[in-house]
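Student: Next comes the sequence, and after it the predicted model I'd like to discuss.
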Amino acid sequence: MVFTISVIIILAFVIWGLLAPDQLAEQSSAALSFTTERFGWFYLITALVILVYCLVIAFGRYGNITLGSDDDEPEYSNMSWFAMLFSAGMGIGLVFWGVAEPMSHYMTPPGGEGMSSEAARQALRYSFFHWGLHPWGIYTLVSLGLAYFTFRKGYKGLISWTFYPLLGKKVEGPIGKTIDILAIIATAFGVATSLGLGVMQINGGLTHIFGIPNNVVVQVIIIAVVTVLFLTSAVSGLDKGIRILSNTNLIIAVGLLLFTLLLGPTSFIVDSFTMTLGGYLQNIIQMSLRMTPFSDSSWVANWTLFYWAWWIAWAPFVGSFIARVSKGRTIKEFVLGTLLVPSGFSFIWFSVFGNTALYFEMFKGLPIAEAVKQDITSALFITLEYLPWGSFLAVLATLLIVTFFITSADSATFVLGMMSTNGNPNPSFAVKLAWGIFQSLIATVLLVGGGLEALQTASILTALPFAVILLGMCVSLSKALHKEDRERRQLEKKRRKKLDMLLENDS
């Protein structure tokens, strides 16, 4: 039933987009304005609450609980584990926005005058903010809940079953089915957003390198080709296809990062990284709750709210995937690993690519900002062009986007298949094939119906109901952990009492 209803809803959207793309864009825009105006505050508070909750869980008395049996060991090495969660989590987005976001904030900062030194400082700080602890806190919550209830309690690997402490057997009824349907829809549109961004930048890279036109027709062709590639990878399964591709992604990403760091303005990058990290940590609370009720600025809605909605929409997918590969780790190890390591890599990524672009713009007079304004998908490639071996780096970046695209889509077909087949940890190829095609259709419809704006709108709208589910998950997980801790303490008390009685009898 979950699979059928989800497919019907998504198919209806696809048909609407194909038959009346202008009407879809108009209705989506109206819904977007309503959502951001009325519920923008809710997205901000939800993200901050979840981050604080994850930190409290990690450093509290539940931190030593194992996600599985007490004697379970992790299935994957730390490197493979990090590579898989990072590739599924935000690989495409980092490559797309690594230059484009800092330069966009530099031209139009959240406050003050654009194209200034202060605008440059804000540009990097807000890039850290949008790609740092908050998004990974959202991912951590969902994956922690799924891993705990699946491996520790033996429940089904479904979002609905994380609510068992609150709902009991009702998780198998209409309420539970509704939760799973919302999770699938949020995942489908959230992943389609990233796939759309990836296709746009693949097209931008091909245009820059080979002069191929940058238009919707070419992007649809790219979607078709890459769909065949990721469905081929999906046949290989989790241990072969996704793990190998994820490790490859990480190697290519680190290689591109190091080349850019060493060939670019290295000292400037390191100094700026240090300053920006300090500013981020110092202002994290103020940025977390920043709204603009006394002005008509749309900056928060266009950036922060979009990102928070995007992360929430991605959370069922990334959470399910990370949970699947995290059995055997303690809660503290898991939370700190998923929070700090990917966030740190994101900080370094934006420092290297964002600062390289800003340095060229501010101190070398190169037209990076103008290139971003003209075509946002070309931002990375234009920046790399001004470095030694620029053509090689552009090819490397394009290859990285393609492999990230394949890994994200491959992982998503696996997770959507699992969620729509009652938590089956190994969904059939037919189910994964269906979801792979639907993902590509959604991305195609969104690109045809309005490009980047349509992609952003879809994420924000589908994330709202799932944000409520995330807060409920906090309550449910806390209740389960508290119950286990209470039972453990009672058992230890009985053991001590029994031991005291034995010692007393011996004496």
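Tutor: Yep, that arrived.
Student: show me the contacts for the nearest residue to residue 315 once chain neighbours are set aside.
Tutor: Spatial nearest neighbour of residue 315, chain neighbours left out: residue 142 (4.5 Å); criterion: C-beta to C-beta, 6 or more residues apart in numbering. For glycine as for every other residue, the C-beta is placed from the backbone atoms N, C-alpha and C. Shown in contact with residue 142 (C-beta atoms under 8 Å, 6 or more residues apart in numbering): 159, 315, 316, 318, 319, 320, 323, 470, 473.
Student: Tell me the one among these nearest to residue 200.
Tutor: The closest of the contacts of residue 142 to residue 200 turns out to be residue 318 (C-beta to C-beta; 20.9 Å).
Student: From the contact counts, what lies against whichever strand or helix holds that closest one?
Tutor: Using DSSP states H and E, residue 318 sits in helix 306-324. Packing partners of helix 306-324 (3 or more C-beta pairs under 8 Å, 6 or more residues apart in numbering; DSSP states H and E): helix 21-59, helix 78-107, helix 133-147, helix 174-210, helix 390-419, helix 429-506.
Student: repeat that with 6 Å
Tutor: Helices and strands touching helix 306-324, by 3 or more C-beta pairs under 6 Å, 6 or more residues apart in numbering; DSSP states H and E, are helix 78-107, helix 133-147, helix 174-210, helix 390-419, helix 429-506.
Student: For the stretch 51-200 of the chain, give me the ranges with low pLDDT.
Tutor: Under the criterion pLDDT under 70, the flagged ranges of the stretch 51-200 of the chain are 86-90.
Student: now the chain
Tutor: Applying pLDDT under 70 to the chain flags the ranges 86-90, 234-243, 294, 296, 449-460, 507.
Student: rewinding a little: please could you give me each C-alpha atom of the helix holding residue 318, formatted as CSV?
Tutor: The C-alpha coordinates for helix 306-324 follow below in CSV (Å, rounded to 0.1, in the frame of the first residue of the first chain):
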residue,chain,number,x,y,z
PHE,A,306,15.8,26.5,1.4
TYR,A,307,18.8,24.7,2.8
TRP,A,308,17.0,23.7,6.0
ALA,A,309,14.1,22.4,4.0
TRP,A,310,16.5,20.6,1.6
TRP,A,311,18.3,18.8,4.5
ILE,A,312,15.0,17.8,6.1
ALA,A,313,13.7,16.5,2.8
TRP,A,314,16.9,14.5,2.4
ALA,A,315,16.9,13.2,6.0
PRO,A,316,14.8,10.1,5.4
PHE,A,317,17.0,9.0,2.5
VAL,A,318,20.4,9.9,4.1
GLY,A,319,19.3,8.7,7.5
SER,A,320,18.1,5.3,6.2
PHE,A,321,21.3,4.9,4.3
ILE,A,322,23.7,5.9,7.1
ALA,A,323,21.7,3.7,9.6
ARG,A,324,22.1,0.7,7.2
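Student: Would you map the helices across the stretch 201-350 of the chain?
Tutor: 216-236, 243-263, 266-288, 299-300, 306-324, 331-363 (DSSP state H, counting those that start in this stretch).
Student: what's the most buried one of these?
Tutor: helix 306-324 (a mean of 28; mean count of other C-beta atoms under 10 Å).
Student: residues touching residue 216, list them.
Tutor: Taking C-beta atoms under 6 Å, 6 or more residues apart in numbering, we find residue 216 in contact with 447, 448.
Student: can you count the residues close to the closest residue to residue 477 other than its chain neighbours?
Tutor: Here the nearest residue to residue 477 in space, its sequence neighbours aside, is residue 145; by C-beta to C-beta, 6+ apart that works out to 4.9 Å. Neighbourhood size, residue 145 [other C-beta atoms under 10 Å]: 22.
Student: what does residue 364 give?
Tutor: Residue 364 has 10 neighbouring residues, counting by other C-beta under 10 Å.
Student: Quickly note the distance from it to residue 375.
Tutor: For residue 364, the distance to residue 375 (C-beta to C-beta, to the nearest Å) stands at 20 Å.
Student: Now do the contacts for residue 371.
Tutor: 378, 382.
Student: And the one 10 residues further on, by the same measure?
Tutor: In this structure, residue 381 makes contact with 205, 208, 394, judged by C-beta under 6 Å, 6+ apart.
Student: now swap in residue 98 and tell me
Tutor: Residues in contact with residue 98 (C-beta under 6 Å, 6+ apart) are 349, 353.
Student: And the contacts of the helix holding residue 318?
Tutor: Helix 306-324 is contacted by residues 43, 47, 85, 88-89, 130, 135, 138-139, 142-143, 146-147, 159, 183, 186-187, 189-191, 411-412, 415, 456, 459-460, 462-463, 466-467 when judged by C-beta under 6 Å, 6+ apart.
Student: on that earlier part again, with respect to residue 102, which of the helices of the stretch 201-350 of the chain lies nearest?
Tutor: Comparing these by C-beta to C-beta, helix 331-363 comes nearest, at 3.3 Å.
Student: The nearest residue to residue 104 once chain neighbours are set aside: neighbouring residues, count only.
Tutor: The shortest distance from residue 104 to any non-neighbouring residue, by C-beta to C-beta, 6+ apart, is to residue 372 (6.3 Å). Number of residues near residue 372 (other C-beta under 10 Å) recorded here: 25.
Student: related to what we said a few turns ago, can you put the contacts of residue 381 in a markdown table and add distance to residue 263 and neighbour count?
Tutor: As requested, those are exported to a markdown table (distance: C-beta to C-beta, whole Å; neighbours: other C-beta atoms under 10 Å):
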| residue | distance to residue 263 | neighbour count |
| --- | --- | --- |
| 205 | 18 | 26 |
| 208 | 18 | 24 |
| 394 | 13 | 20 |
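Student: so which of those residues comes closest to residue 94?
Tutor: Using C-beta to C-beta, these come closest to residue 94 at residue 205, 14.8 Å.
Student: Contacts only, for that closest one.
Tutor: Per C-beta under 6 Å, 6+ apart, neighbours of residue 205: 381, 398.
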